[in-house]
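A.B. asks: Here's my sequence, what's the structure:
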Amino acid sequence: MERTGHSTNTTSGRHRVHQPQSQKLMDKEILELNNYLPEWTAAKRSEKQAIFTAIARAARLFAPKLDQKQWKKTKQVYKTWLFTYSPSPSINIKNIYIIGIHGPTRLHRK
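C.D. replies: Residues are numbered from 1 along each chain as shown. Prediction:
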């Protein structure tokens, strides 16, 4: 006997998690982000918010018309892009410390 009103496509009572669609950036937006990449990479952590505001304002000129909610998502995409495409900082081996049970110990390299 078949039940009515029940879907046969459920997965053991769990709800499917909605995967957000990746937002595509226009070529002009990417070029603008790329222009600011050296400044973003060289900035100290305390300076990044002010620089990001300038970057977002400049890139917005090339973005399609967006409402406030879409603009907030787009800014997050910009920030993700900047962190993804900025070169990773080189590690100075002289400044590496190992945290042990007796406190921090400097790693000595010859």
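
A.B. asks: State the pLDDT value of T10.
C.D. replies: T10 is assigned 48 on the pLDDT scale.

A.B. asks: Apologies, that question was intended for I55.
C.D. replies: On pLDDT, I55 comes in at 94.

A.B. asks: That one: which element?
C.D. replies: helix 48-60 (DSSP states H and E).

A.B. asks: Identify each buried residue in that helix, please.
C.D. replies: For helix 48-60, burial by neighbour count (16 or more other Cβ atoms under 10 Å) applies to I51, F52, I55, A56, A59, R60. From N, CA and C alone the C-beta is placed, and that goes for glycine too.

A.B. asks: try stretch 65-76
C.D. replies: T74, K75.

A.B. asks: Give me the contact list for stretch 50-64.
C.D. replies: 26, 28-29, 31-33, 36, 39-40, 43, 71, 74-75, 78-79, 82 (Cβ atoms under 8 Å, 6 or more residues apart in numbering).
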